[in-house]
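J.: what would the 3D arrangement of this be:
(2 chains)
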2 protein chains.
Amino acid sequence: MSNETYTVAVVGATGAVGQQMLKTLEDKNFPVGELKLLSSSRSAGKKMTFKGQEYTLEEATPESFDGVQIALFSAGGSVSKALAPEAVRRGAIVVDNTSAYRMDPDTPLVVPEVNEEDLHNHNGIIANPNCSTIQMAVALEPIRQKYGLKKVVVSTYQAVSGAGLEAVDEMNTQSTAVLNGEEAEANLMPVSGDKKHYQIAFNAIPQIDKFQDNGYTFEEMKMINETKKILHMDELPVAATCVRLPVATGHSESVYIETETGNPDVKELQQTLSEGEGITLQDDPANQVYPMAVNSVGLPDVFVGRIRRDLDRENAYHFWVVSDNLLKGAAYNSVQIAESLIRLNLIK
Amino acid sequence: MSNETYTVAVVGATGAVGQQMLKTLEDKNFPVGELKLLSSSRSAGKKMTFKGQEYTLEEATPESFDGVQIALFSAGGSVSKALAPEAVRRGAIVVDNTSAYRMDPDTPLVVPEVNEEDLHNHNGIIANPNCSTIQMAVALEPIRQKYGLKKVVVSTYQAVSGAGLEAVDEMNTQSTAVLNGEEAEANLMPVSGDKKHYQIAFNAIPQIDKFQDNGYTFEEMKMINETKKILHMDELPVAATCVRLPVATGHSESVYIETETGNPDVKELQQTLSEGEGITLQDDPANQVYPMAVNSVGLPDVFVGRIRRDLDRENAYHFWVVSDNLLKGAAYNSVQIAESLIRLNLIK
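T.: Residues are numbered from 1 along each chain as shown, chains lettered A, B, ... in the order given. Alright, predicted model coming up:
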């Protein structure tokens, strides 16, 4: 990487993911020249700190992107729909952390460890996949490479921060209420824009995002469709059940897979996964070593453990994948994409 | 049922399940004549109330079972190993809620909705299955009857009360600490008798019971082996990943199945399940109706919802099963077994 620096805009800087984007840019010492923190009119005027320097948030408008080279969007699908094309028109490359463009055939959907080369086909916008998709794709890729994949069934254990900081506040308030023997008031979870709201504290809610007509939620369909797109396996059978838990940060996933070939034993599969890019193996049952949500917070790794052979079917396995949904699941992956764009000389 | 009453002993009456056994005997108006509440020497002398009458706990000894007709055991495997044969020797029928006799080929393992007829083969002891097994078996049985079963993969979301009341206390204490920004002290979870202990508050722990050499936990092997035994399907491929959640009561399960035949659509499968004994269907995604742990507490039903076809494989389905782990998963099933024994004239 040269000593060049870049003009970067962060759209939605005050959100759960936006805050982690700033932190990741700082931690990775990303070559930020000028930095613009953009937000809704509601948050405009607020101040945030980056590398010890104070920045004032500006309302995001089409003109905000004049001179911006890299725009990291995480302010909701409607903001991306409205402003990402405006940013591109003004010469920026957009890394979009919403679902707005993910399934657009002209938009690459990228997990750098898996399909960095797709960045070459961009038309200004790069989509960052859904949080629960990213960590599973990172874990599946070394298996796909070595043995091929025939089927994936995942049940998720997803953290509340995936629904935003207000959702974490609601969980905490509800938790305090329940611990005091009071009623837990629900106004946001499981989906703020849906009709009914349920207690998440000390509960498990089998709904993330709204329902589609086929009985799957949008979150489940995101995992299904995005995984196929990232792995370039349109025909791969993927099934998902997505469940929200009373966990602040850190998504966990119970994954069942069938491989095409190889029938590796557990030791070989552990080896294969431990060599996978972005993966940290935590798999020593005798010493109770396995990934856990609370241990993943603040770390960029995708943690994999509990690797077992299916007891009945050949080429079939079970494992457990955990990652910080705000980092590898969102902000960290977005900044990685920006780094890849620089390395591939794709930033003008 | 005649007007006959029975001398009943409850062993482990002060525990999480023991308390629910007393409540269930009361709620179901079980024909209790004499009642003996038995415990460890530590709890002996304590007082508990049944149907408005006060009872004093006695230390459980072999002689405690003189004259007892039905003994409900829920005081840990070692107590059952030591005292269940003594109770049988004295003429009692034992319904044992520990894992001590479940896989003994001479001991029936019974979920009354599924295999009540196995009670005829008893040799004094009836085993009550593991909590997470029971609710899944109830949901699988009507499917097995109508379409046959070819494969089952389950990921569980299990409540802390399955590990006892002290575990719930630990979760609550940890939750308060975390909400106050303090360290969460862990002394019990995930397994009190194992080497390491981890925070369960705001976390998901992929370990319930100790690990076996094959990488599966005992809890997972219980679900696998007990399900085969209850359904009389020794060759059924069953796989399980068992996970502990910060939920006080109510186990949830994400179940993937492949049937032998039928390829029913969702409506037909909903109909089949809703007609299953012990099942309450809660499956209306358009109105956000699905089973949830907090709604199951105190109810004997096995709740089933989120029924979907697999999007790729024929005869393959996903659904979500929730039940109160202390009731249908333990105390309620035990009392149901006792009722079946009476109805089948198996009590001397």
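
J.: spatially nearest residue to the residue in the stretch 151-300 of chain A that chain B sits nearest to (excluding sequence neighbours)?
T.: Proximity of the stretch 151-300 of chain A to chain B (CB to the nearest CB) peaks at residue A:237, 3.4 Å away. Every C-beta, even on glycine, is put in place using the N, C-alpha and C of the backbone. With sequence-adjacent residues excluded and distances taken as CB to CB, 6 or more residues apart in numbering or on different chains, residue A:237 is closest to residue B:312, at 3.4 Å.

J.: those helices in chain A, which residues are they?
T.: A:16-27, A:77-89, A:112-115, A:131-147, A:165-179, A:218-231, A:266-274, A:293-296, A:332-343 (DSSP state H).

J.: need those in a markdown table (columns: mean neighbour count and mean pLDDT).
T.: Below are these laid out as a markdown table (neighbours: other CB atoms under 10 Å in any protein chain shown; pLDDT from 0 to 100):
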| stretch | mean neighbour count | mean pLDDT |
| --- | --- | --- |
| helix A:16-27 | 22 | 96 |
| helix A:77-89 | 18 | 97 |
| helix A:112-115 | 21 | 98 |
| helix A:131-147 | 24 | 98 |
| helix A:165-179 | 19 | 98 |
| helix A:218-231 | 23 | 98 |
| helix A:266-274 | 17 | 98 |
| helix A:293-296 | 22 | 98 |
| helix A:332-343 | 23 | 98 |
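
J.: report the contact partners of the residue in the stretch 1-150 of chain A that chain B sits nearest to.
T.: Sorted by distance to chain B under CB to the nearest CB, the residues of the stretch 1-150 of chain A start with residue A:150, at 10.3 Å. Contact partners of residue A:150, counting by CB atoms under 8 Å, 6 or more residues apart in numbering or on different chains, are A:236-237, A:257-260, A:315.

J.: quick one: low-confidence parts of chain A?
T.: Scanning chain A for pLDDT under 70 picks out A:1-2.

J.: domain ranges for it?
T.: Listed domain ranges for chain A are A:6-129+A:330-343, A:133-325 (source: automatic domain parsing).

J.: now the ones you listed as a markdown table including distance to residue B:84?
T.: Listed next are the domains of chain A as a markdown table, based on distance: least, CB to CB, whole Å:
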| stretch | distance to residue B:84 |
| --- | --- |
| domain A:6-129+A:330-343 | 53 |
| domain A:133-325 | 30 |
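
J.: quick one, which of these is nearest to residue B:70?
T.: Minimum separation from residue B:70 across those (CB to CB) falls at domain A:133-325, 34.2 Å.

J.: return the distance of that closest one from the chain's centre.
T.: Distance of domain A:133-325 from the chain centroid (CA atoms, centre = their mean, to the nearest Å) equals 11 Å.

J.: end-to-end on that domain?
T.: 10 Å (CA to CA, to the nearest Å).

J.: again, but for stretch A:270-279
T.: End-to-end distance for stretch A:270-279, by CA to CA: 11 Å.

J.: isn't residue A:317 up against residue A:307?
T.: Yes. At 6.6 Å, residue A:317 counts as touching residue A:307 under the criterion of CB atoms under 8 Å.

J.: overlap in contacts of the two?
T.: Listed contacts common to residue A:317 and residue A:307 are residue A:269; contacts here mean CB under 8 Å, 6+ apart.

J.: what about residue A:47, how many residues close to it?
T.: 9 (other CB atoms under 10 Å in any protein chain shown).

J.: which residues touch it?
T.: Going by CB under 8 Å, 6+ apart, residue A:47 touches A:54-57.

J.: and if you look at residue A:237?
T.: Taking CB under 8 Å, 6+ apart as the test, what residue A:237 contacts is A:150-152, B:310-313.

J.: by neighbours, which of the residues you listed wins?
T.: Using other CB under 10 Å as the neighbour criterion, residue A:152 leads the contacts of residue A:237 with 25 neighbours.

J.: so it touches residue A:236, yeah?
T.: Yes. Residue A:152 sits in contact with residue A:236 when judged by CB under 8 Å, with a separation of 6.7 Å.

J.: what sits in contact with each of the two?
T.: residue A:227.

J.: list the contacts for the nearest residue to residue A:201 once chain neighbours are set aside?
T.: Distance criterion CB to CB, 6+ apart; nearest residue to residue A:201, sequence neighbours excluded, is residue A:174 at 3.6 Å. Neighbouring residues of residue A:174 by CB under 8 Å, 6+ apart: A:184-186, A:199-201.
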